[in-house]
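Q: Structure here, sequence nowhere to be found:
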């Protein structure tokens, strides 16, 4: 990953994960219109949990790397530890922003007139 660039491989991996989940969730239906709608449906809960688990994994790896550097592990350089910590910070900030957008969307839906 280059500095200042977006890691497109993670985005592509997430899109592939979502497509796989959608393919598994597609029930056999007698109505082709319902089958077409179900093909676009994704299990939101599992996608969200997967993303949060991935952020947690990145944070745990960064914490471990920083601790290993502090203990004097020669296989971990300061730059590697700092990059790992920055990646975990960015991943957490991204998660918080997604949560904020979800809360905002929920509030807008709740305030809609019926």
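A: Everything's here; your move. Computed from a prediction, not measured in an experiment: that's the story for all the values here.

Q: only C-alpha atoms for contact and neighbour calcs from this point on.
A: Noted.

Q: Point to the helix or strand of the chain where mean pLDDT is at its lowest.
A: In the chain, no helix or strand scores lower on mean pLDDT, DSSP states H and E than helix 32-40, which sits at a mean of 52.

Q: Quickly list the domain ranges of the chain.
A: If you go by automatic domain parsing, the domain ranges for the chain are 1-42, 44-114.

Q: one step back: next structured bit after the least confident helix or strand of the chain?
A: helix 44-70 (DSSP states H and E).

Q: distance between that following helix and the chain's centre?
A: 10 Å (Cα atoms, centre = their mean, to the nearest Å).

Q: buried stuff in that helix?
A: 55, 58, 59, 61, 62, 63, 65, 66, 68, 69 (16 or more other Cα atoms under 10 Å).

Q: Which one of those residues is nearest to residue 77?
A: Closest to residue 77 out of the buried residues of helix 44-70 is residue 69 (6.7 Å), distances taken as Cα to Cα.

Q: looking at it, the closest one is touching residue 77, isn't it?
A: Yes. Counting by Cα atoms under 8 Å, residue 69 does reach residue 77; the two are 6.7 Å apart.

Q: Select from the domains of the chain the stretch with the lowest mean pLDDT.
A: Lowest mean pLDDT within those: domain 1-42, a mean of 60.
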